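Novice: next come a sequence and a model predicted from it.
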Amino acid sequence: MATEQNFYHTLNRGVEKRNIFLDKQDHFRFIHNLYELNNEDRVDTTFHSFKEDPNLTDFANRKQRKILVDILAFCLMPNHYHLLLSPKIEGGVPKFMNKINIGYAKYFNKKYKRVGALFQGRYKKILIADNTHFLHLPFYIHFNPLDLKYPEWRENRILNAEKALGFLKSYRWSSHLDYLGVKNFPSIINNGLLTEIFDGSKGYEKLINNYLKDIQIDPEVALE
């Protein structure tokens with residue numbers, strides 16, 4: 001049953017701020033989970049057929065999923081992640097988030113031979129209450145990788161916007177490239193609504209260039 005269209009910013013961080021993505025395979029695994037676990041039906045989290053690059057997986061011949069959420073945007077950082085979600089069914093967001101966190105923690109603990117909690121408590125979920133916040137959020141999510149090389153963006157003092165934007169184009173672990181029109185992880189996101197709002201990939205690129213100069217950080221969406 002469809003539910004009223006709401007939008008949520010969800011995020012979580014590694015326990016004690018530890019890194020949760022240690023190599024390329026970890027990134028691919030989490031992104032693969034974003035696709036596989038977005039399903040009302042029970043899914044085998046061992047994924048014996050897992051391939052390193054989700055784009056190489058033959059999704060077309062899979063059994064049709066019963067989608068829990070639309071993923072509008074995402075970004076993976078070394079010790080945390082951000083998602084912009086819209087539920088497709090009642091309770092879709094908590095069901096999806098529980099699958100994502102539990103599934104990835106099982107994978108991570110088995111791979112690195114560790115036990116105990118991987119994430120810092122329950123994930124954070126913020127209802128997007130107004131249009132300004134909704135339009136701001138995809139840019140905030142996609143700018144997060146700048147923390148790795150241009151942390152001054154959070155103080156709105158990027159000295160070389162061209163280099164900063166070039167770095168974002170080189171960072172694969174977000175939906176930024178897909179919004180630029182580059183097929184990075186197109187099976188993961190539903191970008192129809194935002195692409196229409198941004199007036200296509202060219203419009204998005206123009207907006208993100210302008211937005212980098214004027215961004216203001218909402219403390220509610222920042223991870224302390």
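Specialist: Yep, that arrived. Since we're looking at a predicted model, the values are computed, not measured.
Novice: could you use CA atoms for every contact and neighbour count after this?
Specialist: Noted.
Novice: report the contact partners of Lys106.
Specialist: Residues counted as contacts of Lys106 (CA atoms under 8 Å, 6 or more residues apart in numbering): none.
Novice: any idea which residue sits dead centre in the protein?
Specialist: Nearest to the geometric centre of the chain sits Phe74, at 1.8 Å (CA atoms, centre = their mean).
Novice: ok, and the closest non-adjacent residue to that one?
Specialist: Spatial nearest neighbour of Phe74, excluding adjacent residues (CA to CA, 6 or more residues apart in numbering): Leu83 at 4.4 Å.
Novice: per-residue confidence at the one you found?
Specialist: Leu83 is assigned 98 on the pLDDT scale.
Novice: try Cys75
Specialist: We have a pLDDT of 98 for Cys75.
Novice: how about Asn55?
Specialist: 50.
Novice: residues in contact with the residue nearest to Phe74?
Specialist: Contacts of Leu83 by CA under 8 Å, 6+ apart are His9, Thr10, Leu11, Ile71, Leu72, Ala73, Phe74, Cys75, Ile141.
Novice: how about Lys202?
Specialist: Lys202 makes contacts with Leu180, as judged by CA under 8 Å, 6+ apart.
Novice: and if you look at Glu205?
Specialist: So Glu205 contacts Leu180 (CA under 8 Å, 6+ apart).
Novice: please, which helix or strand holds it?
Specialist: Assignment of secondary structure by DSSP states H and E places Glu205 within helix 200-214.
Novice: rewinding a little: neighbouring contacts of the helix or strand hosting the residue nearest to the centre of the chain?
Specialist: Secondary-structure element containing Phe74, defined by DSSP H and E: strand 69-77. Outside strand 69-77, the residues within contact range by CA under 8 Å, 6+ apart are 21, 27, 38, 81-89, 92-93, 96, 138, 141-142, 144-145, 173-176, 188-191, 194.
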